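Peer 1: show me how the following folds:
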Amino acid sequence: MPPTFGWDNLDDIAIALTDKFPDTDPLTVRFTDLHKWVTALEGFSDDPKNSNEKKLEAIQMAWHEEFLDRQG
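Peer 2: Residues are numbered from 1 along each chain as shown. Predicted structure coming up:
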């Protein structure tokens, strides 16, 4: 993972969220919470205002794929 990352680093965000919330099904997370969780990640350096529904949905799907991969 790069030392800092932003909204467009989907894989980095997905890995960080899976590490931080290993038992959370990403599809159960509201976008308002997802936004808070992403901006609170260590290394997140983008402007919180640069997110939108499309970016949050892409993050949620990348996180979901990472979550499923780790489930086996």
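Peer 1: can you check which helix is longest in the protein?
Peer 2: helix 53-71 (DSSP state H).
Peer 1: any residues touching that helix, and which ones?
Peer 2: 7-8, 10-11, 13-15, 17-18, 22, 24-27, 29, 31, 34-35, 38 (CB atoms under 8 Å, 6 or more residues apart in numbering). C-betas here are computed from N, CA, C, even on glycine.
Peer 1: buried ones in it?
Peer 2: By 16 or more other CB atoms under 10 Å, the buried positions in helix 53-71 come out as 55-56, 58-60, 62-64, 66-67.
Peer 1: closest one to Lys49 out of those residues, please.
Peer 2: Using CB to CB, Lys55 is the member of those that lies nearest Lys49, at 11.6 Å.
Peer 1: show me how far the longest helix of the chain is from its chain's centre.
Peer 2: 7 Å (CA atoms, centre = their mean, to the nearest Å).
Peer 1: how about that helix as PDB, C-alpha atoms only?
Peer 2: Taking C-alpha atoms only, helix 53-71 is exported to PDB below (Å, rounded to 0.1, in the frame of the first residue of the first chain):
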ATOM      1  CA  GLU A  53     -21.900   8.000  -4.900                       C
ATOM      2  CA  LYS A  54     -20.100   6.400  -7.900                       C
ATOM      3  CA  LYS A  55     -16.800   6.400  -6.100                       C
ATOM      4  CA  LEU A  56     -18.300   5.000  -2.900                       C
ATOM      5  CA  GLU A  57     -20.100   2.300  -4.800                       C
ATOM      6  CA  ALA A  58     -16.800   1.300  -6.600                       C
ATOM      7  CA  ILE A  59     -15.000   1.200  -3.200                       C
ATOM      8  CA  GLN A  60     -17.800  -1.000  -1.800                       C
ATOM      9  CA  MET A  61     -17.600  -3.400  -4.700                       C
ATOM     10  CA  ALA A  62     -13.800  -3.600  -4.400                       C
ATOM     11  CA  TRP A  63     -14.100  -4.200  -0.700                       C
ATOM     12  CA  HIS A  64     -16.700  -6.800  -1.200                       C
ATOM     13  CA  GLU A  65     -14.400  -8.700  -3.600                       C
ATOM     14  CA  GLU A  66     -11.600  -8.500  -1.100                       C
ATOM     15  CA  PHE A  67     -13.900  -9.700   1.700                       C
ATOM     16  CA  LEU A  68     -15.100 -12.700  -0.400                       C
ATOM     17  CA  ASP A  69     -11.500 -13.600  -1.300                       C
ATOM     18  CA  ARG A  70     -10.500 -13.800   2.300                       C
ATOM     19  CA  GLN A  71     -13.600 -15.800   3.200                       C
END
